[in-house]
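Colleague: Can you look at this prediction? I've put the sequence above it.
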Amino acid sequence: MTKPTVYEVIDLGINYLISGYDNWSNAQVLDDKIAAFPNTIHWQYGHVLTIFESALSLCEQNEVDIAKYTSLFGYGSSPEKWGDEDIPTVDEIFEHLKTLPNRARNLTDEQLEQELTETIAGCSTLNELLVLNAIHVPLHAGKIEEMSRILKQHQ
């Protein structure tokens with residue numbers, strides 16, 4: 001049995017997350033909101049990107065405006081608080097998500113070994129955050145799939 005690298009796990013997770021959009025017909029429920037869920041599928045996609053980009057921002061490898069994305073998709077944020085904000089479309093989010101596996105692969109050993117100024121979710125290096133993100137992506141893919149099924153039942 002082969003041992004997949006964290007990069008292969010990130011590839012699989014991101015590809016599964018993005019392919020699920022069409023496979024689960026998420027366009028029809030992208031911004032639907034019901035009391036059972038504190039956010040929307042749109043928010044879920046943006047959240048995955050935001051958390052990964054936040055890790056990459058620690059070595060200035062992020063592509064998105066971290067402050068903006070965190071206010072929209074970070075922990076404790078909600079689509080109900082978006083108001084008149086200019087919200088990135090799911091297509092814009094996907095364009096950035098697609099680049100994550102290669103950007104992760106391009107991190108240097110020095111960047112990966114970089115000590116964080118404070119522990120984040122039990123992680124003290126960027127490498128540890130990368131592993132955490134490899135786990136975080138499929139967790140949210142599963143949540144999105146669940147939300148899609150339930151939201152369609154409520155239509």
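Modeller: Perfect, I can see it now.
Colleague: Which positions within the biggest strand by length in the chain qualify as buried?
Modeller: With secondary structure taken from DSSP state E, the chain has its longest strand at strand 115-120. Within strand 115-120, the residues that qualify as buried by neighbour count (16 or more other CB atoms under 10 Å) are I120. Any C-beta I mention is one placed from the backbone N, CA and C, and that applies to glycine too.
Colleague: now it: mean pLDDT?
Modeller: Per-residue pLDDT values over strand 115-120 give a mean of 92.
Colleague: give the contact list for the residue most central in space within the chain.
Modeller: Geometric centre of the chain, nearest residue: V48, 1.0 Å, by CA atoms, centre = their mean. Contact analysis of V48 by CB atoms under 8 Å, 6 or more residues apart in numbering lists L17, L97, H136, V137, H140.
Colleague: in this structure, which spans are strands?
Modeller: In the chain, the strands defined using DSSP E lie at 115-120, 123-125.
Colleague: any chance of those strands in a markdown table, with distance to D86 too?
Modeller: Shown next, in a markdown table, are the strands of the chain (distance: least, CB to CB, whole Å):
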| stretch | distance to D86 |
| --- | --- |
| strand 115-120 | 28 |
| strand 123-125 | 31 |
